[in-house]
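Colleague: need the 3D shape of this:
(2 chains)
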Amino acid sequence: MALSIWQSMQQKGYSRRDFLQFCTAAAVMAGLDRSAGAQVASVFEKKEKPAVVWMHFQECTCCSESFIRASHPIVVDALLDVMSLNYTETLMAASGFQAEKSLNDTIQNNKGKYIVLVEGAVPTGADGVYCMIGGKTAESILQTVAKDAAAVVAWGSCASNGCVQAAKPNPTGATPIHKLINKPVINVPGCPPIADVMMAVVTHLLVLGQIPALDSLGRPKEFYGRRVHDTCYRRPNYDAGLFVESFDDENARKGYCLYKMGCRGPVTYNACSVTKWNEGTSYPIQSGHGCIGCSEEGFWDNGPFYQHLASFPGFGIESTADTIGIDVGVATLAGVAAHAVVTNIRKQKVIAEVHAEEHTQVPAGK
Amino acid sequence: MTASRINARTAPAAVFPPLAEHPVEYRRVYVWELPVRVYHWINAVTLVLLCISGYIIGAPIRAFYAAEAYQQYWFGWVRFIHFVCAFVYVFNFAARIYWGFNSNKYARWNAFFPLTRAQRQEMVDVFKADVLQTKLHGPISTGHNAVAGFVYFFTFLAFVAQTITGFALYSSMSNSWLPRMFTWIVPLMGGEASVRSWHHLLLWFFVSFIIIHIYLAFYHDYIEGRGTISSIVGGWKFEREKQDD
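Modeller: Next comes the predicted model:
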């Protein structure tokens, strides 16, 4: 019998107080009341450490970097200790055959019980040769680990929607994992996702043993239910029509809305303006820079970042819906004007013809 | 109006052939019933307001600057106008679709499709009148001409596209059932940024449509000479009496 969460924490030298603090924080993270901490504690005294594998495919490890910077150190430390993180390329001490064995053992011994966290997209082009680990393609590894998993979490935009690898022309055929496996996937997009959001998703799985409520794109509703714009502290400036016109103007100093600077807040679903980043210090808009919409699908292709309207595909880098539209409008006006000129040139002839037609039916013999 | 007055006032005598004592007679035809005219003008007003407010939402003008946000709400009002007009526009359009099955023959649904041989022949006439300019006078059609009707059908498709993308963008700000019906459009089109681009591009379709529509209304008023312009206010047009000859 594997150790329970409480037993394993004791082994690692945590006090009973640390354990209870962790249980309370975990209850809150999972969306329960603080008073549910006692119930969580009684469950964690018996519950086995969940086995976790953290896969890294086409990614930059910014999700891992973000995760270890969560604002509640006790929770993130405990989480990393509480979870039995059996396989993760970047952090594990083992390598080579040892590492492979660890992954295989985890899958074999925890069928239907282990959690899979995936960081990175999976390349499907050229039979998947663009990302191979231990001689196997990312896709075949993903299929193997996902098959018997209790839950699959897609960390970050790469795993959720492809991110920069899937930007046009997507040479490696980078594909988000929910398109490859036949199982519900918890998408936690962002480049990277907010540390506290990642932690809360893992805690939710740990405490409640079930997938949190997801929206139609598979994102946890509690963090991706609202747009950055709707919860932004600069929103009143938007409604008042007070906009930054240039990053170095007086309006920027006054903290007006960054809408005209290309802020993607109005089209981006994330919790940035609520939880903020780096222990709640700030977030991009608070630092005076617009949101680039990093948690939205295809955000790399909806650029330029500093322009409100995206450039329109097929009409050159700088052309937006507006530049095309104005060209169309001007061409229409020119066409209409030319038509009017031509009509007027023939005016005398038309008048003569009309009069001839309508007034010359002279009865015979008149 | 007597023949001599026309002659005296509008043209030098040398240009025109001698006038008949019995000029061509016209009779009044009630073409656009009240619901059609009401639809047209509600549509016209809301469409213009939607185009202007929509453009401003996409590219806010630099105006009414003050120190603090609580002192004003002008951009909020622009958006409010856009949303109110959008709802009026949609319900007005829905009413027009209903009326398309109850109206007189001129505004009926089948006026918008070139289903008959006569309509297809009329398309050739319109092409001669509008594009080649070889037929510069004489009646073409009492209701919508066949080309106009078919173009309006495509405009209705643009209405629908604009309604769908508009409600899809609006759905994230609303709990009302109507916009919520369109939430699925956003992931289908690859996120809100993409929906917004298409919604914005279609604005320019409407701008072009308005320019061409107004011009051609005046043009046909001129070449057909039977009150095309006034018909959308009063509903009446003029049709030539059948000649005996």
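
Colleague: so who does the closest residue to chain B within the stretch 251-366 of chain A touch?
Modeller: Per CB to the nearest CB, A:G325 is where the stretch 251-366 of chain A lies closest to chain B, at 2.8 Å. Where you see a C-beta, it was placed from the backbone N, CA and C, and this is true even at glycine. A:G325 is in contact with B:200-201, B:203-204, B:207, counting by CB atoms under 8 Å, 6 or more residues apart in numbering or on different chains.

Colleague: which of those sits closest to A:R227?
Modeller: The closest of these to A:R227 turns out to be B:H200 (CB to CB; 18.0 Å).

Colleague: which strand or helix spans that closest one?
Modeller: Using DSSP states H and E, B:H200 maps to helix B:192-224.

Colleague: ok, then the element right after that helix?
Modeller: According to DSSP H and E, the helix or strand after helix B:192-224 is helix B:228-234.

Colleague: looking at that following helix now, give me its mean pLDDT.
Modeller: Average pLDDT, helix B:228-234: 91.

Colleague: list of residues touching that helix?
Modeller: B:31-32, B:37, B:40-41, B:217-218, B:220-221, B:236-237.

Colleague: B:R27 looks like it's in a strand, true?
Modeller: Yes - counting by DSSP: H, G, I helix; E, B strand; the rest coil, B:R27 is located in a strand.

Colleague: let me see the contact set for it.
Modeller: Counting by CB under 8 Å, 6+ apart, B:R27 has contacts B:238-239, B:241.

Colleague: could you check the pLDDT of it?
Modeller: 85.

Colleague: what's across from it in the sheet?
Modeller: B:E239 (DSSP bridges).

Colleague: before we move on, the earlier item: packing partners for the helix holding B:H200?
Modeller: Taking 3 or more CB pairs under 8 Å, 6 or more residues apart in numbering or on different chains; DSSP states H and E as contact, the helices and strands that helix B:192-224 lies on are helix A:321-345, helix B:34-58, helix B:146-171, helix B:185-188, helix B:228-234.

Colleague: and it, what's buried?
Modeller: Buried residues in helix B:192-224, counted by 16 or more other CB atoms under 10 Å in any protein chain shown: B:192-213, B:215-216, B:219-220, B:222-224.

Colleague: any idea of the angle that helix forms with helix A:321-345?
Modeller: Counting by axes from the mean of the first three to the mean of the last three CA atoms, to 10 degrees, helix B:192-224 lies at 10 degrees to helix A:321-345.

Colleague: show the average pLDDT along helix B:192-224.
Modeller: Rounded mean pLDDT across helix B:192-224 is 89.

Colleague: so how far is that helix from its chain's centroid?
Modeller: Remark: helix B:192-224 is offset 9 Å from the chain centroid, using CA atoms, centre = their mean, to the nearest Å.

Colleague: and for stretch A:163-172?
Modeller: Worked out by CA atoms, centre = their mean, stretch A:163-172 lies 15 Å from the chain centre.

Colleague: list the buried ones in that stretch?
Modeller: Here stretch A:163-172 shows A:163-167, A:170, A:172 as buried, counting by 16+ other CB under 10 Å.

Colleague: in a strand, that's where A:V116 is, yeah?
Modeller: Yes - with three-state DSSP as the criterion, A:V116 is part of a strand.

Colleague: hang on, B:G54 packs against B:H82?
Modeller: Yes - the pair B:G54 / B:H82 is scored as a contact, 5.9 Å apart, by CB atoms under 8 Å.

Colleague: which other residues reach stretch A:81-89?
Modeller: Counting by CB under 8 Å, 6+ apart, A:2, A:5, A:8-9, A:12, A:14, A:22, A:44, A:49-56, A:64, A:91-92, A:99, A:102-103, A:105-106, A:114-115, A:133, A:202, A:206 sit against stretch A:81-89.

Colleague: end-to-end on it?
Modeller: Using CA to CA, to the nearest Å, the end-to-end distance of stretch A:81-89 comes to 17 Å.

Colleague: OK, contacts around the residue in chain B that chain A sits nearest to?
Modeller: Distances between chain B and chain A by CB to the nearest CB are smallest at B:W204, namely 2.8 Å. By CB under 8 Å, 6+ apart, B:W204 lies in contact with A:321-322, A:324-326, A:328-329.

Colleague: now tabulate the residues you listed in a markdown table and tack on distance to B:P179 and pLDDT.
Modeller: Shown next, in a markdown table, are the contacts of B:W204 (distance: CB to CB, whole Å; pLDDT from 0 to 100):
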| residue | distance to B:P179 | pLDDT |
| --- | --- | --- |
| A:A321 | 22 | 77 |
| A:D322 | 25 | 81 |
| A:I324 | 27 | 83 |
| A:G325 | 25 | 84 |
| A:I326 | 29 | 86 |
| A:V328 | 28 | 88 |
| A:G329 | 29 | 88 |
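
Colleague: how near is the closest residue to A:F299 other than its chain neighbours to A:I186?
Modeller: Leaving aside its chain neighbours, A:F299 sits nearest to A:G293 (4.3 Å; criterion: CB to CB, 6 or more residues apart in numbering or on different chains). Between A:G293 and A:I186 the computed distance is 20 Å (CB to CB, to the nearest Å).

Colleague: between these two, which has more neighbouring residues?
Modeller: Neighbour count, other CB atoms under 10 Å in any protein chain shown: between A:G293 and A:I186, A:G293 has more, with 28 against 23.

Colleague: tell me the helix or strand right after the helix or strand bottoming out on mean pLDDT in chain A.
Modeller: Here the helix or strand of chain A ranked lowest by mean pLDDT, DSSP states H and E is helix A:73-82, holding a mean of 71. Next in sequence after helix A:73-82, counting helices and strands by DSSP H and E, comes strand A:84-88.

Colleague: got any ranges where chain B has weak pLDDT?
Modeller: For chain B, applying pLDDT under 70 flags the ranges B:1-23, B:63-66, B:242-245.

Colleague: just want the most central residue of it.
Modeller: The residue lying closest to the centre of chain B (CA atoms, centre = their mean) is B:H213, at 6.2 Å.

Colleague: which of the contacts of stretch A:81-89 are buried?
Modeller: Judged by 16+ other CB under 10 Å, buried ones among those: A:5, A:8-9, A:14, A:22, A:44, A:49-56, A:64, A:99, A:102-103, A:106, A:114-115, A:133, A:202, A:206.
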